[in-house]
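Asker: this one's structure only:
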């Protein structure tokens, strides 16, 4: 009985996931990270990447995350 319950729960979760994926598609799936190499002096040998989603509002927020370690 426990095996059947686990199988039923797994099937329900997969069905729910599929339904949510159909209702709320991921619009930015095609957007990619682009490495920026000309951002000034770089004594720490840091790397910078830019991500711009395919669909965005007219005046989107900007997120900057610096992580040099």
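Answerer: Ah, there it is. Everything numeric here is computed off the predicted structure, so don't read it as measured data.

Asker: next secondary structure element downstream of the helix or strand containing residue 13?
Answerer: Per DSSP states H and E, residue 13 falls inside helix 2-23. Remark: after helix 2-23, the chain's next helix or strand is strand 33-36, criterion DSSP H and E.

Asker: hmm, back to that, state the mean pLDDT of the helix holding residue 13.
Answerer: What helix 2-23 shows for mean pLDDT is 75.

Asker: and that helix, how far from the chain's centre?
Answerer: For helix 2-23, the separation from the chain centroid amounts to 23 Å (computed by CA atoms, centre = their mean, to the nearest Å).

Asker: kindly report the same for stretch 57-69.
Answerer: 14 Å.

Asker: average pLDDT for it?
Answerer: So the average pLDDT for stretch 57-69 ends up being 80.

Asker: okay, and the beta partners of the residue nearest to residue 37 when sequence neighbours are not counted?
Answerer: Using CB to CB, 6 or more residues apart in numbering and skipping residues adjacent in sequence, the residue nearest residue 37 is residue 48, 7.8 Å away. C-beta coordinates here come from the backbone N, C-alpha and C atoms, glycine included. Beta bridges link residue 48 to residue 36 when assigned by DSSP bridges.

Asker: count the neighbours of residue 48 for me.
Answerer: Counted with other CB atoms under 10 Å, the neighbours of residue 48 add up to 13.

Asker: now for it: which residues touch it?
Answerer: Listed by CB atoms under 8 Å, 6 or more residues apart in numbering, the contact partners of residue 48 are 35-37, 39.
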